[in-house]
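[1] mind folding the following:
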Amino acid sequence: MQGQLVGASMVSTSMGLGMLMVQTRGGVEQYLVPPARLKQVPGNQVHVVLTVTPNLRHVRSVGVMGQRMVPRVDPPVPPVMTRLQQLPLITPIALAVAAIVGDDAVALSPIPNQPVHAGLAVVAGTALAAAVYGVSTFLQRRLMKEVQAQLPKN
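    A predicted model of the protein is given here:
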């Protein structure tokens, strides 16, 4: 894949990967790039050749054609982006812990009727997991609004 370099950033929605934007015949496309490959990309608009994994948009190699005159200066990563990248890792852990704590809390309670006891354990685990999911969704939406507010307006 080849085209005109539009922009490059060390920050993307995938943890540990940067992003490269390239103008191709089909329009502007975004690709995920490992930081080691991103260091090869200059700051000026040059023609780039990318080797990309099929269907993943993950760059295996970057070739720069033309002059590499301007070094690329990355702005500091906003803290909201770091939190947004960590959210997909933290949410499943919190969901599992909430479901286990809800089940165990009811399991340790002295309820003599076994079917009622089992039903309450399932309800408690599900309720806590649903609460964690709701909080996670709320946080994700709030963080996305913060990110959108930091983008330049056209």
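
[2] average pLDDT for the helix or strand harbouring residue 36?
    Per DSSP states H and E: residue 36 is located in helix 35-38. Average pLDDT, helix 35-38: 83.

[3] can you give me the domain boundaries for the protein?
    The domain map for the chain lists 2-65, 79-150, with the assignment taken from automatic domain parsing.

[4] run the chain-centre distance for the helix or strand following the helix holding residue 36.
    Moving toward the C-terminus from helix 35-38, the first helix or strand encountered (DSSP H and E) is strand 47-52. In this view, strand 47-52 has its centroid 23 Å away from the chain centroid, taken as Cα atoms, centre = their mean, to the nearest Å.

[5] same question, stretch 135-146
    In terms of Cα atoms, centre = their mean, the centre of stretch 135-146 is found 13 Å from the chain centre.

[6] mean confidence for it?
    Along stretch 135-146, the predicted local confidence has a mean pLDDT of 93.

[7] all strands of this protein, in order?
    Assigned by DSSP state E, the chain shows strands spanning 2-9, 18-24, 27-33, 47-52, 59-65.

[8] can I get the helix holding residue 36 as CSV, trimmed to CA atoms?
    Backbone C-alpha positions of helix 35-38 (Å, rounded to 0.1, in the frame of the first residue of the first chain) are rendered in CSV as follows:
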residue,chain,number,x,y,z
PRO,A,35,6.4,2.6,17.8
ALA,A,36,9.7,1.3,16.4
ARG,A,37,8.3,1.7,12.8
LEU,A,38,6.8,5.1,13.6
